[in-house]
Structures are given as structure tokens and as C-alpha cells.
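Peer 1: Compute the structure for the input listed below.
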Amino acid sequence: MSGNYYNPSSVEYDDFHIDYLIWAIQAGIWSAIAILMKIVSFSIQIKIPDALENIGSLLLKRVEVYPRLELIIVMVVVPFFMNCIQVT
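Peer 2: The predicted model follows:
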């Protein structure tokens with residue numbers, strides 16, 4: 001069960017009765033998924049860089065005269081939505 005690091009036979013649920021093997025397994029699974037997601041993202045960027053550049057230029061064409069707004073979109077808005085997509 002995700003987020004539960006206690007041994008099923010334990011009756012006490014405090015920081016002194018954590019089963020670190022369960023924690024390590026869950027952390028390892030999460031790390032493997034995160035690494036796999038990064039590899040997939042990198043592979044997409046390597047395979048179709050021109051298409052991604054064209055999409056980015058098209059989406060930012062209207063705001064290119066506002067460099068601060070463009071920076072906010074690129075550094076805050078896009079990563080937020082990309083993380084939302086990756087989590088689901």
C-alpha cells in the first residue's frame with residue numbers, strides 16, 4: 001500500500017516502527033518510474049525536435065512581444081501542465 005511503511009504485523013504506527021525495506025521498495029519503484037518518464041521525454045525530444053520547435057513557435061507567436069509573459073509561460077505554465085499530464 002503506497003505511503004504505508006509499517007510492517008503489517010506491527011500494532012504501533014510511529015516513526016520508530018517503520019519497516020525501511022518497505023520504504024526502500026516503494027522509493028525504488030517510484031525512482032524507476034521517474035527515470036523511465038525522463039527517458040521517454042528525452043527520446044521524444046531527440047526524435048522530433050523540428051516538430052516540437054514549430055509547435056513551440058506557433059504557441060508563443062502571440063506573446064513574443066512580451067518577453068516576461070513568454071518567460072512565465074515557458075518556465076511556469078508549461079511545466080505545470082506537463083507535470084499534470086505525466087502524473088495522470
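Peer 1: any weak-confidence spans in this protein?
Peer 2: For the chain, the stretches flagged by pLDDT under 70 are 1-2, 8-16, 88.
Peer 1: repeat that with 50
Peer 2: Applying pLDDT under 50 to the predicted model, the chain contains no residue that meets it.
Peer 1: domains of it?
Peer 2: Using automatic domain parsing, the domains assigned to the chain come out as 1-47, 49-88.
Peer 1: possible to save these as a markdown table with mean neighbour count?
Peer 2: (Each C-beta comes from the backbone N, C-alpha and C, glycine too.) Formatted as a markdown table, these follow (neighbours: other Cβ atoms under 10 Å):
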| stretch | mean neighbour count |
| --- | --- |
| domain 1-47 | 11 |
| domain 49-88 | 11 |
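Peer 1: how near is residue 31 to residue 37?
Peer 2: 11 Å (Cβ to Cβ, to the nearest Å).
Peer 1: what touches both of those two?
Peer 2: Counting by Cβ atoms under 8 Å, 6 or more residues apart in numbering, residue 31 and residue 37 have no common neighbour.
Peer 1: Please tell me how far the closest residue to residue 18 other than its chain neighbours sits from residue 34.
Peer 2: Residue nearest to residue 18 in three dimensions, not counting chain neighbours: residue 5, with 4.8 Å by Cβ to Cβ, 6 or more residues apart in numbering. Using Cβ to Cβ, residue 5 is found at 19 Å from residue 34.
Peer 1: And residue 60, by the same measure?
Peer 2: 28 Å.
Peer 1: can you map out the helices along this structure?
Peer 2: 20-47, 49-60, 67-72, 78-87 (DSSP state H).
Peer 1: Can you name every helix or strand that the longest one contacts?
Peer 2: For helix 20-47, the packing partners by 3 or more Cβ pairs under 8 Å, 6 or more residues apart in numbering; DSSP states H and E come out as none at all, with no helix or strand in contact.
Peer 1: can you rerun that using 10 Å?
Peer 2: Here helix 20-47 touches helix 49-60, helix 78-87, going by 3 or more Cβ pairs under 10 Å, 6 or more residues apart in numbering; DSSP states H and E.
Peer 1: Can you say which of those helices is nearest to residue 41?
Peer 2: helix 78-87 (8.2 Å; Cβ to Cβ).
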